[in-house]
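[1] Return a 3D structure for these sequence lines:
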Amino acid sequence: FLFIGSTATTSARAFCLRPTIIFGRSHSRSHNTRTFLSQRSIDTKSTQLNMSLSIPSEHIPPGMNAVHVGVPFLSQALEELTSLKSQRVFVLANNSSRKFLEGDNNLMDVLETKGMLAAPLCTSIGMGGGELGLLSAADEARAANADVIVTVGGGAVQDAGKLIRLWLSAKTENDDSEKATVAGIQAASNRDPMPPLPPQIAIPNSFAMAEATHVAGITTTAKTKSGAAHKSLMPTVIVYDPALSAGLPDWVRFGTALRGVEHAVGAVTHPKANEDIRSRALTGLSIIHDNLKKLVKEPECAQTQSNLYVGGFMAIRALNTGCYPALGHLIQNQYSARFDVHQGSCSGILCARIMDYHSEKSNDLQKRIAAALGDESVKAPILVRDLVSTLPGVSNAHEQVKVSDDMLKEFTEWMFANHIARYNALSPKEFTSAEDIYGMMTKPLEEL
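    Numbers count the residues shown, from 1 in each chain. The predicted model follows:
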């Protein structure tokens, strides 16, 4: 059998895997090897021996050319832009990434010097992908005649890049003055056949993993979650460079890493999941768990962050392979949009509670989750609860994010009135009333 991508090193190792290339060496199966696909295994012992992991090539989905882990983003982005023959590059970033992009010899300077820069750096995308910032960026990219999008930042920026590509692809010779709208972007996502989209080079600065899906979210001005989905939305290239996370606040660093736990739990317990999906998700969860604990001790460790990128990629690809959205993912996205709460804290508050609600129906699957979290003798919701309690900057109670009991009652009534059929299609255990949802969301953590 083939062993993939573990190399002894004292620092983060750079890996590039393209779908047509396999890196590896022969290795005998042992108790440290977890199967996540019938064709391929990954040796999680490497995370215990200070080695870096890589992403097996068959995990790279169709439409994506490459995933690079632990490489310098500047040189890799320029190499990819050259390969794509890009001429008008539109760079979209969050404000916290600006320091890595501007200044002498940084990306914006190099692109301008080469005559490849389509427009000034765009930083209009806020937390959650707010509608107005997205539409402004889409108009800027179209006015600049961009032929490639480079997205540097968190999940909102990565999703915005996908949606901007849709808007660019819908442009005709006669509609230069047309302004972007959510309806217009969504209409572009429904075309059949879908024309080729401009390429996207996704360069995350955290662990949310939006870049590894074909789904893109928008938080509307009405405080609801919307968006678009199409296989063509998958970014062309992903570059994971741990250097970009330097100086991130705890609520971003640990909150986005916790989202990987949410993705894995959702994939494992999803009614449509098969054994292949569950095995991938559990492998990702094990990697995330081991390295998230290390990250608490050494928040800036490049190797640990590279491994978290690998585990997070495994988990989100499992969820995005026929299981999107999962129950927790959907509810937490709605909570985030309604109350302006970062999704990491949404997972901190709700993941264990949602698991506990359907634990009787998903008991066997939750035992496997507990094993991936390191202790199959303890109930999985308790392990998630206890893990969250160790994460700096991540909330685990509604009052910590200023969501009152009255706000929750109103929200759960809205949830039941508008989304109960969808929840029940995703939940191992049925909801019969708004009180069921309210009780789940407010159950004291000490009673799990």
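
[2] switch to C-alpha atoms for all contacts and neighbour counts from now on
    Will do.

[3] so where's the protein uncertain?
    Scanning the chain for pLDDT under 70 picks out the ranges 1-52, 172-176.

[4] Can you tell me the centre-most residue of it?
    Among the residues of the chain, the one closest to the centroid is residue 209, at 1.9 Å (CA atoms, centre = their mean).

[5] quick one: the helices in the stretch 151-300 of the chain?
    With DSSP state H, counting those that start in this stretch as the criterion, the stretch 151-300 of the chain has helices at 155-169, 182-189, 250-269, 275-297.

[6] quick one: which of the ones you listed is nearest residue 222?
    helix 182-189 (12.3 Å; CA to CA).

[7] could you give the angle of that closest one to helix 155-169?
    Between helix 182-189 and helix 155-169, the angle formed by their directions is 70 degrees, by axes from the mean of the first three to the mean of the last three CA atoms, to 10 degrees.

[8] Which helix or strand lies directly C-terminal to the one helix or strand residue 309 maps to?
    Assigned by DSSP states H and E, residue 309 belongs to helix 302-319. Going down the chain from helix 302-319, the next helix or strand is helix 327-339, by DSSP H and E.

[9] on that earlier part again, now the helices of the stretch 151-300 of the chain as CSV including distance to residue 346 and mean neighbour count?
    Listed next are the helices of the stretch 151-300 of the chain as CSV, based on distance: least, CA to CA, whole Å; neighbours: other CA atoms under 10 Å:
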stretch, distance to residue 346, mean neighbour count
helix 155-169, 15, 28
helix 182-189, 25, 17
helix 250-269, 9, 27
helix 275-297, 17, 23
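
[10] Between those, which one is closest to residue 430.
    Of the helices of the stretch 151-300 of the chain, nearest to residue 430 by CA to CA is helix 250-269, at 13.8 Å.

[11] which helices and strands sit right next to that closest one?
    helix 275-297, helix 302-319, helix 327-339, helix 343-357, helix 363-372 (3 or more CA pairs under 8 Å, 6 or more residues apart in numbering; DSSP states H and E).

[12] So what's the residue count around residue 115?
    For residue 115, the count of nearby residues is 12 (other CA atoms under 10 Å).

[13] hang on, the earlier thing: quick one, the helix holding residue 309 and helix 327-339 angle?
    Going by the same axes, to 10 degrees, helix 302-319 makes 110 degrees with helix 327-339.

[14] which strands and helices sit next to helix 302-319?
    Applying 3+ CA pairs under 8 Å, 6+ apart, we find helix 302-319 packed against strand 51-52, strand 66-69, helix 250-269, helix 275-297.

[15] Tell me which of the ones you listed lies nearest to residue 303.
    strand 51-52 (6.1 Å).

[16] With distance to residue 447 added, can I get the helices of the stretch 151-300 of the chain in JSON lines?
    Listed next are those as JSON lines, based on distance: least, CA to CA, whole Å:
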{"stretch": "helix 155-169", "distance to residue 447": "33"}
{"stretch": "helix 182-189", "distance to residue 447": "42"}
{"stretch": "helix 250-269", "distance to residue 447": "20"}
{"stretch": "helix 275-297", "distance to residue 447": "23"}
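
[17] Mind jotting down where the strands sit in the stretch 101-250 of the chain?
    In the stretch 101-250 of the chain, the strands defined using DSSP state E, counting those that start in this stretch lie at 148-153, 200-204, 215-219, 225-229, 237-240.

[18] now the fourth one, how far from the centre of its chain.
    In other words, strand 225-229. On the basis of CA atoms, centre = their mean, to the nearest Å, strand 225-229 is displaced by 15 Å from the centre of the chain it belongs to.

[19] now that strand against strand 215-219, angle please.
    Going by the same axes, to 10 degrees, strand 225-229 makes 160 degrees with strand 215-219.

[20] what's next to strand 225-229, contact-wise?
    163, 182, 185-186, 189, 214-220, 333-334, 337 (CA atoms under 8 Å, 6 or more residues apart in numbering).

[21] before we move on, what about the longest one?
    Residues lying outside strand 148-153 but in contact with it, judged by CA under 8 Å, 6+ apart, are 86, 88-94, 96-97, 157-158, 161, 165, 198-206.

[22] Please list only the buried members of those.
    Using 16 or more other CA atoms under 10 Å as the burial test, the contacts of strand 148-153 include 86, 88-94, 96-97, 157-158, 161, 165, 198-206 as buried.

[23] re the thing from before, list just the one of the helices and strands packed on helix 302-319 that sits closest to residue 194.
    Across the helices and strands packed on helix 302-319, residue 194 has its closest neighbour in strand 66-69 (21.7 Å, CA to CA).

[24] next helix or strand past the closest one?
    helix 73-83.

[25] That following helix to strand 200-204, inter-axis angle?
    Using the same axes, to 10 degrees: helix 73-83 against strand 200-204 is 170 degrees.

[26] burial measure for the closest residue to residue 258 other than its chain neighbours, as a count.
    Computed as CA to CA, 6 or more residues apart in numbering, the closest residue to residue 258 that is not its neighbour in sequence is residue 344, at 6.1 Å. For residue 344, the neighbour count with other CA under 10 Å is 28.

[27] roughly how far apart are residue 344 and residue 150?
    According to CA to CA, to the nearest Å, residue 344 and residue 150 sit 24 Å apart.

[28] Please apply the same query to residue 157.
    For residue 157, the distance to residue 150 - CA to CA - is 10 Å.

[29] likewise residue 240?
    Counting by CA to CA - residue 240 and residue 150 are separated by 13 Å.

[30] between the helices of the stretch 151-300 of the chain, which gets nearest to residue 308?
    Closest to residue 308 of the helices of the stretch 151-300 of the chain is helix 275-297 (CA to CA; 5.4 Å).

[31] And the contacts of that closest one?
    34-38, 44, 47, 254, 257, 260-261, 263-265, 267-268, 301, 304-305, 307-308, 310-316, 318-319, 321, 368-369, 372-374, 390-392.

[32] still on that earlier bit, any idea which of the helices of the stretch 151-300 of the chain gets closest to residue 104?
    Across the helices of the stretch 151-300 of the chain, closest to residue 104 is helix 155-169 (CA to CA), at 23.7 Å.

[33] re the thing from before, dump the C-alpha coordinates for the helix holding residue 309 into PDB.
    Taking C-alpha atoms only, helix 302-319 is exported to PDB below (Å, rounded to 0.1, in the frame of the first residue of the first chain):
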ATOM      1  CA  ALA A 302       4.000  26.700  11.300                       C
ATOM      2  CA  GLN A 303       4.100  22.900  11.300                       C
ATOM      3  CA  THR A 304       1.100  22.500  13.500                       C
ATOM      4  CA  GLN A 305      -0.800  25.000  11.400                       C
ATOM      5  CA  SER A 306       0.100  23.200   8.200                       C
ATOM      6  CA  ASN A 307      -1.200  19.900   9.700                       C
ATOM      7  CA  LEU A 308      -4.400  21.700  10.700                       C
ATOM      8  CA  TYR A 309      -4.800  22.800   7.100                       C
ATOM      9  CA  VAL A 310      -4.500  19.200   6.000                       C
ATOM     10  CA  GLY A 311      -7.000  17.900   8.600                       C
ATOM     11  CA  GLY A 312      -9.400  20.700   7.900                       C
ATOM     12  CA  PHE A 313      -9.200  20.100   4.200                       C
ATOM     13  CA  MET A 314     -10.000  16.400   4.700                       C
ATOM     14  CA  ALA A 315     -13.000  17.200   6.900                       C
ATOM     15  CA  ILE A 316     -14.600  19.800   4.600                       C
ATOM     16  CA  ARG A 317     -14.100  17.700   1.500                       C
ATOM     17  CA  ALA A 318     -15.900  14.900   3.300                       C
ATOM     18  CA  LEU A 319     -18.800  17.200   4.200                       C
END
